[in-house]
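[1] coordinates only, sequence not included:
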């Protein structure tokens, strides 16, 4: 899969001059985090990752298709899912986020 290119100019609910509103969607967890090697596999069909609770385990977890399909939908909206792990310098866990532009419609009342 090819990497996504995005800019950081959009914020949550930011109205643009072009008749659009930019919304940032973000999901965070507090798990053990994702290594750089694992990040490379996350958007691959049915990639397997080591069990995060036991790094020496032979049990692997499949990423399935959820992130692959989600990334394709987000790309169609002109954005890309980005991953930050850990999501804060003093925390564990992972953050998945993307921004998307939507048309802004003004409500003019009942007709």
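    Now that the structure is in, tell me what you want to look at. Because the structure is predicted, anything quoted here is derived from the model rather than measured.
[2] and the closest residue in space to residue 96 that isn't next to it in sequence, what is it in contact with?
    Nearest residue to residue 96 in three dimensions, chain neighbours excluded: residue 27, at 5.0 Å (Cβ to Cβ, 6 or more residues apart in numbering). C-beta coordinates here come from the backbone N, C-alpha and C atoms, glycine included. Listed by Cβ atoms under 8 Å, 6 or more residues apart in numbering, the contact partners of residue 27 are 95, 96, 97.
[3] buried ones in the host helix or strand of residue 27?
    Assigned by DSSP states H and E, residue 27 belongs to strand 20-28. Residues of strand 20-28 classed as buried: 21, 22, 28 (neighbour count, 16 or more other Cβ atoms under 10 Å).
[4] next helix or strand past the worst-scoring helix or strand of the chain on mean pLDDT?
    Taking mean pLDDT, DSSP states H and E as the measure, the chain has strand 60-62 as its least confident helix or strand, at a mean of 59. Remark: after strand 60-62, the chain's next helix or strand is helix 66-76, criterion DSSP H and E.
[5] can you tell me the average pLDDT over that following helix?
    Confidence over helix 66-76 (mean pLDDT, whole number) is 91.
[6] Go through the buried residues of strand 20-28 and name the one nearest residue 34.
    residue 28 (12.3 Å; Cβ to Cβ).
[7] quick one: that closest one from residue 22, how far?
    Counting by Cβ to Cβ, to the nearest Å, the gap from residue 28 to residue 22 is 20 Å.
[8] This protein: strands as residue ranges?
    Using DSSP state E, the strands found in the chain span residues 14-15, 20-28, 48-50, 60-62, 82-84, 95-103.
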